[in-house]
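Student: My questions concern the predicted model and sequence given below.
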Amino acid sequence: MTDKFKIVGKYIKDLSSETKDTETYIFVKEQILKYQLAININSKAIKDKVIEVNTILKLEDKEESKRKSFFEMTYTTIVKIGDDINDKKELEKIILCDVQTKITPNLEKSFLDMLHNSGYPNMKFEKKLDFEKLYKQKIN
């Protein structure tokens, strides 16, 4: 355990890949690089300084189209917070930045595995997920 937190477990809570028919699949295969990745993080206290952190990734087409596929994953991390952590801002940084940075390799691999297994083998992240940068943008 770092002085601040320890990851005691992590798992895929929910995984969804929806492509309604073959015509949609063929269309999406040509368009998927235009899809946008959205990230949402929420958390809830369990007990004794244990927190469930849910990182939700969605890859979706923001344009109007009848032919779309939908991809979403909720990746849950169970975190034990250090006894000396009582400051709300410090806890926020742990949840939104530090934990996310630690789980990024598993998060990316799990999401890309779903996309590849859904018929989109050439999908990759153009940029690495940088939760440190995202957190700094949020607080400024």
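Tutor: Structure's in. What do you need? Numbers count the residues shown, from 1 in each chain.
Student: need the contact list for residue 60.
Tutor: By CB atoms under 8 Å, 6 or more residues apart in numbering, the contact set of residue 60 is 35, 36, 38, 68, 70, 71. C-beta here means a position set from N, CA and C on the backbone, and glycine is covered the same way.
Student: next one: phi and psi at the third one?
Tutor: With angles defined as degrees, to the nearest 10, residue 38 sits at phi -120, psi 140.
Student: The last one now?
Tutor: Main-chain torsions, residue 71, degrees, to the nearest 10: phi -130, psi 130.
Student: can you count the residues close to the closest residue to it other than its chain neighbours?
Tutor: Excluding its sequence neighbours, the residue lying closest to residue 71 (CB to CB, 6 or more residues apart in numbering) is residue 59, at 4.3 Å. If you count neighbours by other CB atoms under 10 Å, residue 59 ends up with 20.
Student: did I read that right, residue 59 in a helix?
Tutor: No - using DSSP: H, G, I helix; E, B strand; the rest coil, the assignment for residue 59 is strand, not a helix.
Student: Does it touch residue 35 like I think?
Tutor: Yes - proximity of residue 59 to residue 35 meets the contact threshold set by CB atoms under 8 Å, at 5.0 Å.
Student: Need the residues touching each of the two.
Tutor: Each of residue 71 lies in contact with both residue 59 and residue 35 under the rule CB under 8 Å, 6+ apart.
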